[in-house]
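K.L.:
Sequence and computational prediction follow.
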Amino acid sequence: KSATIPNIDGSVDRIEEDDEDDVVDLAANSLLNKLIRQSLVESSHRVEVLQKDPSSPLYSVKTFEELRLKEELLKGIYAMGFNRPSKIQEMALPMMLAHPPQNLIAQSQSGTGKTAAFVLAMLSRVNALKLFPQCLCLAPTYELALQTGRVVERMGKFCVDVQVMYAIRGNRIPRDTDVTKQIVIGTPGTVLDWCFKRKLIDLTKIRVFVLDEADVMIDTQGFADQSIRIQRALPNECQMLLFSATFEDSVWQFAERIIPDPNVIKLRKEELTLNNIQQYYVLCGNRKDKYQALCNIYGGITIGQAIIFCQTRRNAKWLTVEMMQDGHQVSLLSGELTVDQRASIIQRFRDGKEKVLITTNVCARGIDVKQITIVVNFDLPVNQAEEPDYETYLHRIGRTGRFGKKGLAFNMIEVDKLPLLMKIQDHFNSSIKQLDPEDMDEIE
Ligand code: ADP
């Protein structure tokens, strides 16, 4: 499959293999989030803490100084532009840096400062003078391991003798190599291989074990078991830390199997809401009609930036071609692109280089573009059973009204899809008004 911008001649419309729904790839989404992240994600919720020993005092810190870190590490933190601990770090860091070490399971959405926290814990516990692996971090993919490694390198910039090594497929280490790097980051399969088969890492010398992105990890066949085999060979005094962006039961069960006697920290996600969003629908006969209605809306109101969602790649491409031919500046974000390509498209959109982003469900979640004023459902989100996909609807539309701003959402509806829309309206108990696309004055 090629990953190219659609041809202007419209030929892409005939490519059958592209006519598929984009499935959500957890690891790719997570990487994308990291690539496009610019700052901490806020949550108005309180951090919930469950201590393994409820009688022990609970510490939280408001500054990094209070943590009594090595000077070179504190310098590294400030060089990254961090002024104070994030919400989750306020609670997590004192536990992670405590003596004797405590185990921790922490859950909060991506962007809340988990990686920075465990990198700090690894860097503060490592003994730079000892030339063997002391910290081991498991990540679900090669690319995610590299991202974490970059954070270690940035934060550890002034910890000159501390080095990172990647236990990932493709990183070929000659036989009988003496691994002298103190921090090893890798995927479970390769780490297992390095520990047991090739004996490059002596697990009994590991002092900090991190299992990152537990939810993504258990989504990959075999990774949970491999991680547990690694964990079982660690010494008792090794500190064990697990992080996850989500906490379904399956993640929780895995976490409890792999982390003995943990403290637990949770930070709930900001809930999405449709409250401050004006929702409209336009009845249309077919795809061409929908496009015409879209053009009318586009011409009728002043639009900052818009995201348009399509159900299939094929529809997304078709629409992109139509809009380009009509002289609009649009970009297409769909699942056939590499994560790097997606990141650069989102960045261009954020920078305002394109006013319209057309996408499939790959982009329905998690990507914040603050200046979006309207969201268009060119197709309603439906699941396999052709029932409304309420979650996805909320994720698509809920993005516009964030940050206290008012948002506008338009649904392009073929007549036979109207019952689906009515179900969505009932489900959220929020009104979706019909709009005559010839008469934009109705928009409040
Ligand atoms: P997570 O692992 O939960 O996804 P990260 O640790 O990657 O979160 O942090 C998200 C973003 O916020 C990153 O760009 C990171 O550099 C930044 N960040 C983390 N901690 C802080 C902090 N205390 N102050 C400012 N920025 C921070």
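P.N.:
Happy to help now that I have it. Numbering: from 1, shown residues only.

K.L.:
what ranges of the stretch 251-400 of the chain fall below the confidence cut-off?
P.N.:
By pLDDT under 70, the weakly predicted segments of the stretch 251-400 of the chain are 300, 302-303, 363-370, 399-400.

K.L.:
count of residues packed around Glu354?
P.N.:
Here the number of neighbours of Glu354 (other CB atoms under 10 Å) works out to 18. C-betas here are computed from N, CA, C, even on glycine.

K.L.:
Relative to Arg232, how far out is Thr204?
P.N.:
12 Å (CB to CB, to the nearest Å).

K.L.:
Run a quick neighbour tally on the closest residue to Phe247 other than its chain neighbours.
P.N.:
Leaving out its chain neighbours, the residue that sits closest to Phe247 by CB to CB, 6 or more residues apart in numbering is Gln107, at 4.6 Å. Close neighbours of Gln107, defined as other CB under 10 Å, add up to 25.

K.L.:
Settle this for me: Gln107 is touching Lys266, isn't it.
P.N.:
Yes - using CB atoms under 8 Å, Gln107 is in contact with Lys266, at 4.9 Å.

K.L.:
overlap in contacts of the two?
P.N.:
Common neighbours of Gln107 and Lys266 are listed as Phe247 (criterion: CB atoms under 8 Å, 6 or more residues apart in numbering).

K.L.:
ok, so what distance separates the residue nearest to Phe247 from the ligand?
P.N.:
10 Å (CB to the nearest ligand atom, to the nearest Å).

K.L.:
Just to be sure, that residue is in a helix?
P.N.:
No - the assignment for Gln107 is strand, going by DSSP: H, G, I helix; E, B strand; the rest coil, so no helix is present there.

K.L.:
Tell me the bridge partners for it.
P.N.:
Using DSSP bridges, the beta-bridge partners of Gln107 come out as Ser244, Lys266.

K.L.:
swap in Glu48?
P.N.:
Glu48 has these beta-bridge partners by DSSP bridges: Lys266.

K.L.:
Quick check, it in contact with Leu267.
P.N.:
Yes - under the contact definition of CB under 8 Å, Glu48 touches Leu267, with a separation of 7.4 Å.

K.L.:
low-confidence ranges in the stretch 1-150 of the chain?
P.N.:
1-24.

K.L.:
can you rerun that using 50?
P.N.:
Within the stretch 1-150 of the chain, the stretches falling below the threshold (pLDDT under 50) are 1-20.

K.L.:
what does it have sitting close to the ligand?
P.N.:
Contacts of the stretch 1-150 of the chain with the ligand, taken as CB under 6 Å from any ligand atom, map to 37, 39-40, 80, 82, 85-86, 89, 110-116.

K.L.:
just checking, which of the residues you listed belong to helices?
P.N.:
Of those, the ones assigned to helices by DSSP state H are Gln89, Lys114, Thr115, Ala116.

K.L.:
Could you find the closest non-adjacent residue to the third one?
P.N.:
Closest residue to Thr115 in three dimensions, ignoring its sequence neighbours and counting by CB to CB, 6+ apart: Val151, at 5.5 Å.

K.L.:
Regarding that neighbour, what is its secondary structure?
P.N.:
Reducing the assignment to helix, strand or coil with three-state DSSP, the entry for Val151 is helix.

K.L.:
OK, contacts around it?
P.N.:
By CB under 8 Å, 6+ apart, Val151 lies in contact with Thr115, Ala116, Val119.

K.L.:
same thing but at 10 Å, please
P.N.:
For Val151, the contact set (CB atoms under 10 Å, 6 or more residues apart in numbering) comprises Lys34, Met80, Thr115, Ala116, Phe118, Val119, Leu120, Leu123, Val164, Ile185.

K.L.:
now do Tyr166
P.N.:
Tyr166 makes contact with 139, 142, 145-146, 148-149, 181, 183-187, 190 under the criterion CB under 10 Å, 6+ apart.

K.L.:
Closest to the ligand out of these?
P.N.:
Taking CB to the nearest ligand atom as the measure, Thr148 is the one of these closest to the ligand, at 8.6 Å.

K.L.:
Might one say that that closest one is in contact with Lys34?
P.N.:
Yes - contact criterion CB atoms under 10 Å: Thr148 and Lys34 qualify, at 9.0 Å.

K.L.:
Of the two, give the one with the bigger neighbour count.
P.N.:
Taking Thr148 and Lys34 together and counting by other CB under 10 Å, Thr148 has the greater number of neighbours (24 against 20).

K.L.:
how far away is that one from Ser30?
P.N.:
Distance of Thr148 to Ser30, given as CB to CB: 11 Å.

K.L.:
One more: Ile372?
P.N.:
As judged by CB to CB, Ile372 and Ser30 stand 22 Å apart.

K.L.:
do the same with Asn286
P.N.:
As for Asn286, its distance to Ser30 is 38 Å (criterion: CB to CB).

K.L.:
The two: who's more crowded?
P.N.:
Legend: neighbour count by other CB under 10 Å for Asn286 and Ser30, higher for Ser30 (24 against 10).

K.L.:
Would you confirm that the more buried one belongs to a helix?
P.N.:
Yes - the assignment for Ser30 (three-state DSSP) places it in a helix.

K.L.:
correct me, but Leu67 touches Ser124?
P.N.:
Yes - at 7.9 Å, Leu67 counts as touching Ser124 under the criterion of CB under 10 Å.

K.L.:
between these two, what contacts are shared?
P.N.:
Leu73, Leu74, Leu93, Met96, Leu97.

K.L.:
Make a PyMOL selection of the buried ones in these.
P.N.:
The following PyMOL selection, which keeps only the buried ones among the shared contacts of Leu67 and Ser124, applies the criterion 16 or more other CB atoms under 10 Å:
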select buried, resi 73+74+93+96+97
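
K.L.:
just to revisit the earlier point, who wins on neighbours among the contacts of Tyr166?
P.N.:
Compared across the contacts of Tyr166, Ala139 has the highest neighbour count, 30 neighbours, by other CB under 10 Å.

K.L.:
tell me the contacts of the nearest residue to that one once chain neighbours are set aside?
P.N.:
On the basis of CB to CB, 6+ apart, the spatially nearest residue to Ala139 that is not a chain neighbour turns out to be Ala145, at 4.1 Å. For Ala145, the set of contacting residues under the criterion of CB under 10 Å, 6+ apart consists of 137-139, 164, 166-168, 171, 184-187, 190-191, 212.

K.L.:
Let's see which of these end up in helices.
P.N.:
Thr190, Val191.

K.L.:
where's the dip in pLDDT among the contacts of Ala145?
P.N.:
When the contacts of Ala145 are compared on pLDDT, Asn171 comes out least confident, at 87.

K.L.:
Start and end of stretch 327-334, how far apart?
P.N.:
The first and final residues of stretch 327-334 sit 21 Å from each other (CA to CA, to the nearest Å).

K.L.:
Tell me the gap between that stretch and the middle of its chain.
P.N.:
Mean-position distance between stretch 327-334 and its chain equals 23 Å (CA atoms, centre = their mean, to the nearest Å).

K.L.:
now the closest residue to the ligand within the stretch 251-400 of the chain, nearest residue through space, not along the chain?
P.N.:
For the stretch 251-400 of the chain, the residue positioned closest to the ligand under CB to the nearest ligand atom is Leu267, at a distance of 9.3 Å. Of all residues beyond its chain neighbours, the one nearest Leu267 is Ser108 (3.7 Å), with distances taken as CB to CB, 6+ apart.
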